[in-house]
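Engineer: Got a sequence here, can you build the structure:
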Amino acid sequence: MKLIGILGGTSWPSTVLPYRMLNEEVQRRLGAAHSARIALYSIDYAEIRGHYSGDWGRIPPLLLAEIRTLLSFKPDCWMIANNTLHHVLAGIIHELPADPPLFHAIELVRDHLVARGYRKVLLLGTRFTMEHGYYADPIRAAGIEVVTPDESDRVRVGAIQSQLADGTIEPDFAPWFADLIARHAGQGCEAVIAGCTELPLVIAQETSPIEVVDPLQLQCHACVDFALG
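Structural biologist: Below you'll find the model as predicted:
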């Protein structure tokens with residue numbers, strides 16, 4: 001079994017999810033005694049996160065240094081357990097080696113949506129994910145309409161995401177998201193992208209009338225495919 005690298009800690013509550021997903025998937029495929037070989041590098045997210053509302057230009061060298069530390073553990077493949085950081089990744093990916101392969105969240109989401117034949121999807125995430133084009137543009141280029149909530153709902157999504165990232169889950173979070181998704185399903189959305197690693201903590205497929213596309217889950221499945229391939 002090959003070694004899977006995870007850049008985590010971004011935030012810590014959501015970093016629990018890929019560790020669990022990878023192990024559950026390996027156990028499902030190989031049997032109860034098996035677990036995934038994982039190199040999990042959990043960073044101190046505060047310095048990077050602190051620049052989200054200010055100078056984004058200071059983030060690339062910080063992220064690059066953290067990725068290089070993860071790659072020093074010699075994983076056979078790797079993933080970033082954070083959607084927003086894929087915005088920054090685009091500017092530094094040319095400085096990273098092609099081997100080991102990176103399983104890129106946005107590319108995996110795009111390919112999944114195309115394979116399912118979806119024509120219109122709802123994108124949820126941080127304000128940066130919903131409002132900057134780095135996430136939606138590659139999906140739109142594949143011929144899929146990407147919509148985001150209106151301004152007031154985007155503010156609410158962002159506020160909830162910040163609380164989730166700090167480890168706070170309020171009882172009204174899940175019902176609010178269920179209502180938001182149902183409203184957009186009624187407007188023709190065929191799937192919803194949970195484009196932030198914290199959102200699956202409060203968005204469940206069981207309460208959604210459309211498919212919940214979890215980038216983290218797609219990354220984990222791709223990593224296990226590679227590790228066992």
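Engineer: going forward, measure contacts and count neighbours with C-alpha atoms only.
Structural biologist: Fine.
Engineer: For the residue lying farthest from the centre of the chain, give its distance to L22.
Structural biologist: The outermost residue of the chain, judged against the average C-alpha position, is A33 (28.2 Å), by Cα atoms, centre = their mean. A33 is 14 Å from L22, where distance means Cα to Cα, to the nearest Å.
Engineer: Could you list everything V147 pairs with in the sheet?
Structural biologist: L122 (DSSP bridges).
Engineer: From V157, how far out is R183?
Structural biologist: Using Cα to Cα, we find R183 at a distance of 15 Å from V157.
Engineer: so V213 makes contact with C196?
Structural biologist: No: assessed by Cα atoms under 8 Å, V213 is found out of contact with C196, at 10.8 Å.
Engineer: can you pull the alpha-carbon coordinates of the longest helix along the chain into CSV?
Structural biologist: If you go by DSSP state H, the chain has its longest helix at helix 12-30. Extracted as CSV, the C-alpha positions of helix 12-30 are listed here (Å, rounded to 0.1, in the frame of the first residue of the first chain):
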residue,chain,number,x,y,z
TRP,A,12,-8.4,21.2,12.6
PRO,A,13,-12.1,20.2,12.9
SER,A,14,-12.2,19.3,9.2
THR,A,15,-8.8,17.5,9.3
VAL,A,16,-10.5,14.7,11.2
LEU,A,17,-12.6,14.0,8.1
PRO,A,18,-10.0,12.8,5.6
TYR,A,19,-8.2,10.7,8.1
ARG,A,20,-11.5,8.9,8.8
MET,A,21,-12.5,8.7,5.2
LEU,A,22,-9.2,7.2,4.0
ASN,A,23,-9.3,4.6,6.7
GLU,A,24,-12.9,3.7,6.2
GLU,A,25,-12.4,3.3,2.5
VAL,A,26,-9.2,1.1,2.9
GLN,A,27,-11.0,-1.0,5.4
ARG,A,28,-14.0,-1.4,3.1
ARG,A,29,-11.9,-2.6,0.3
LEU,A,30,-9.3,-4.7,2.2
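Engineer: same question for whatever helix or strand comes next after that helix, mean pLDDT?
Structural biologist: Tracing the chain past helix 12-30, the next element assigned as helix or strand by DSSP states H and E is strand 38-42. If you average the pLDDT over strand 38-42, you get 97.
Engineer: partners of strand 38-42, with directions?
Structural biologist: Paired strands of strand 38-42, with direction, are strand 4-8 (parallel) (DSSP bridges).
Engineer: List the buried residues for the partner strand?
Structural biologist: I4, G5, I6, L7, G8 (16 or more other Cα atoms under 10 Å).
Engineer: Now do stretch 5-19: everything it contacts.
Structural biologist: With Cα atoms under 8 Å, 6 or more residues apart in numbering as the test, stretch 5-19 has contacts from 38-45, 66-67, 70-71, 75-82, 164-167, 197-198, 201, 216-217, 220.
Engineer: 6 Å instead?
Structural biologist: Stretch 5-19 is contacted by residues 38-43, 45, 75, 78-81, 165, 167, 197-198 when judged by Cα atoms under 6 Å, 6 or more residues apart in numbering.
Engineer: Neighbours of A227, how many?
Structural biologist: By the criterion of other Cα atoms under 10 Å, A227 has 17 neighbours.
Engineer: Report the mean confidence score over the helix or strand encompassing it.
Structural biologist: Here A227 sits within helix 215-228, counting by DSSP H and E. Averaged across helix 215-228, pLDDT comes to 98.
Engineer: Taking their axis directions, it and strand 4-8 sit at what angle?
Structural biologist: Compare the direction of helix 215-228 with that of strand 4-8 by axes from the mean of the first three to the mean of the last three Cα atoms, to 10 degrees and you get 150 degrees.
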